[in-house]
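> What follows is a protein structure lacking sequence information:
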């Protein structure tokens, strides 16, 4: 929903003369790219990340707290692309459900060279090759199921290892 009756009641729609309305929007494909504002996509008993009220985090006007646009002017860092799909995968692609480990990241950095080493404050983008495969073969039955990506322990473990070096 882009606009709802609650938005009209609250007076947040900014239409002239007190007019309000409800509207919706559909964009496809859904959930097929990195979600910069991922912390605004899931709630637990009405609470969002960091204990915030879900109703304050995402409204019909969009993400109010966790979207990348809320910090765009405050983030600076060196971008590092780790092409794990090319370094580890067959034909430059990782299989669906492939868990990327610390060892895979280190092997990718070794293959790409010293300029790919990850340090404190770096903004890391990991390429898996899934989009390449989907463009070639189509999305098929994929609807948010198994996808290649960082294992649950990799990001935290990797940064902890790097901070000790």
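Received, thanks. Just so we're clear, the structure is a prediction, and the values are computed from it rather than from any experiment.

> check contacts around residue 71.
Residues near residue 71 by Cβ atoms under 8 Å, 6 or more residues apart in numbering: none. Any C-beta I mention is one placed from the backbone N, CA and C, and that applies to glycine too.

> That one and residue 47, how far apart?
Applying Cβ to Cβ, to the nearest Å, the value for residue 71 to residue 47 is 21 Å.

> just residue 152 next, same as before
22 Å.

> When the two are compared, which one has more neighbours?
Just comparing residue 152 and residue 47: by other Cβ atoms under 10 Å the higher neighbour count belongs to residue 47, 12 against 9.

> wait, isn't that one in contact with residue 55?
No: using Cβ atoms under 8 Å, residue 47 is not in contact with residue 55, being 10.1 Å away.

> Mind telling me what element residue 20 is part of?
Using DSSP states H and E, residue 20 maps to neither a helix nor a strand.

> Show me where the protein has its helices.
5-10, 54-57, 84-88, 102-112, 130-137, 154-164 (DSSP state H).

> Reformat these as a markdown table; add mean pLDDT, mean neighbour count and distance to residue 65.
A markdown table is the format used below for those (pLDDT from 0 to 100; neighbours: other Cβ atoms under 10 Å; distance: least, Cβ to Cβ, whole Å):
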| stretch | mean pLDDT | mean neighbour count | distance to residue 65 |
| --- | --- | --- | --- |
| helix 5-10 | 78 | 14 | 17 |
| helix 54-57 | 86 | 15 | 5 |
| helix 84-88 | 96 | 22 | 31 |
| helix 102-112 | 95 | 17 | 30 |
| helix 130-137 | 87 | 14 | 28 |
| helix 154-164 | 66 | 13 | 22 |
